[in-house]
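Q: Would you be able to build a 3D model of this:
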Amino acid sequence: MLIKTLLAIVVLSVAAIAQTGTARIYPIDNNHSTVGFSVPILGGMSKVRGKFTDFSITLNQDEKDITKSSVVVVIKATSIDTGIDRRDNHLRSADFFDVEKFPEIKFESNRIEKRGKSFIAYGTLTMHGISKEIALPFAVTGTNKNAAGTKMSVGYSTRLTLNRRDFGINWEHQTVPNFVGDNIEIEIDLITRAIDVK
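A: Okay, here's the model as predicted:
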């Protein structure tokens, strides 16, 4: 469960900006971005959805050469929010994220590739004290300029499946087999704050 992550997460589009070849940081608008996940319940009979409300994303984009761009995502595990306090407290416990011991979930890219109209950020995801190399696919969802055409926001989206057991999150219900599924769907939607158009 992340994600987190996950994710992930997300990064960069040459097409989103004029190609000046200058790397610069794209600030993320956290108030209008979501780092979310969904968890299958009872073999997919239902799903629980949640999100992490405290995260930071450093998106350094080279507007000419995407392969020189990078992204770092840091999520505060204690900020998990599924809408039910008792469940969230359980998720923060040693049964799941063990937030006192592992307060952060982090993804750091080491390279980014373009695949057709989409992108993949390759890097290391660290969660619950375990680090794994992952490939984080993402797409640019659009751009929006202000009325004067001097500033622009960029949107990114990623969808990814992670197996919670790969990160040592192995809790099982004592009396109901397969109550919580293993494969967690990561759903990340980001938008940048307005940046100057070059």
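Q: Show me what the residue nearest to Lys145 when sequence neighbours are not counted bridges to in the sheet.
A: With C-beta to C-beta, 6 or more residues apart in numbering as the criterion, Lys145 has its nearest non-adjacent residue at 4.7 Å, and that residue is Met152. (Each C-beta comes from the backbone N, C-alpha and C, glycine too.) Residues in a beta bridge with Met152, per DSSP bridges, are Lys145, Ile195.
Q: Met152 contacts Lys198, correct?
A: No - Met152 lies out of contact with Lys198 (C-beta atoms under 8 Å); the separation is 9.7 Å.
Q: Neighbour count: the two, which is higher?
A: Shown here are Met152 and Lys198; by other C-beta atoms under 10 Å, Met152 has more neighbours (18 against 11).
Q: Okay, now the sheet partners of the helix or strand of the chain with the lowest mean pLDDT, with direction.
A: Ranked by mean pLDDT, DSSP states H and E, the helix or strand of the chain with the weakest confidence is strand 23-26, at a mean of 82. Next to strand 23-26 in the sheet, as set by DSSP bridges, lie strand 55-62 (antiparallel).
Q: need the next SSE after the strand it pairs with, C-terminal direction.
A: Once strand 55-62 ends, the next helix or strand along the chain (criterion: DSSP states H and E) is strand 70-76.
Q: Determine the set of other helices and strands touching the very next helix or strand once past that following strand.
A: On the C-terminal side of strand 70-76, the nearest following helix or strand under DSSP H and E is strand 80-81. On a contact count with 3 or more C-beta pairs under 8 Å, 6 or more residues apart in numbering; DSSP states H and E, strand 80-81 meets strand 46-52, helix 85-92.
Q: Mean pLDDT for the ones you listed - can I get that in JSON lines?
A: Below are those laid out as JSON lines (pLDDT from 0 to 100):
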{"stretch": "strand 46-52", "mean pLDDT": "98"}
{"stretch": "helix 85-92", "mean pLDDT": "98"}
